[in-house]
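Q: I need the structure of the sequence given here:
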Amino acid sequence: MQIIHLAAEAATQVSQISGNLGVIGYGLAAIGPGIGVGLVVSKTIESIARQPELASRLQVTMWLGIAFTEALALIGLATPFIFTA
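A: Below is the predicted model of the structure:
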């Protein structure tokens, strides 16, 4: 009887740990897009400084790059919900 109680308690602790690991995993997954957005913006600013006449075209490309990079963060947010269901 005591073994069954210990097994149930261990299963509860495992579910709590896996929930906490999902939060940590998303936090780590958000680091990549954050670095990516920083690189996209810094290179755009560098390019505009070198060729100011292309500023409008470079800004459009920058916004597209930011959107695609942030899509990775949204995928990272949705992934724990998909795999835990």
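Q: Could you report the separation of A49 from F83?
A: Using CB to CB, to the nearest Å, A49 is found at 44 Å from F83. Quick note: C-beta positions are derived from backbone N, CA and C, even for glycine.
Q: cool, L28 as well?
A: 15 Å.
Q: where does this structure dip in pLDDT?
A: Confidence mapping of the chain against pLDDT under 70 gives the ranges 1-22, 84-85.
Q: so where do the helices sit in this protein?
A: Remark: helices assigned in the chain by DSSP state H are 2-29, 31-50, 55-84.
Q: Any chance of a markdown table for those helices, columns mean neighbour count?
A: Below are the helices of the chain laid out as a markdown table (neighbours: other CB atoms under 10 Å):
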| stretch | mean neighbour count |
| --- | --- |
| helix 2-29 | 10 |
| helix 31-50 | 14 |
| helix 55-84 | 13 |
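Q: hang on, G36 packs against A67?
A: No: in this structure, G36 is not within contact of A67 by CB atoms under 8 Å, at 11.3 Å.
Q: so who does G25 touch?
A: Going by CB atoms under 8 Å, 6 or more residues apart in numbering, G25 touches 76, 80.
Q: cutoff 10 Å now
A: 76, 79-80 (CB atoms under 10 Å, 6 or more residues apart in numbering).
Q: Same check on G76?
A: With contacts defined as CB under 10 Å, 6+ apart, G76 is in contact with 25-33.
Q: Please tell me how far L72 sits from L28.
A: 12 Å.
Q: for R57, same thing?
A: Taken as CB to CB, the span from R57 to L28 is 35 Å.
Q: For Q51, grab phi and psi.
A: phi -140, psi 80 (degrees, to the nearest 10).
Q: Look up the closest residue to it, ignoring the ones flanking it.
A: Leaving aside its sequence neighbours, Q51 sits nearest to L58 (CB to CB, 6 or more residues apart in numbering; 8.0 Å).
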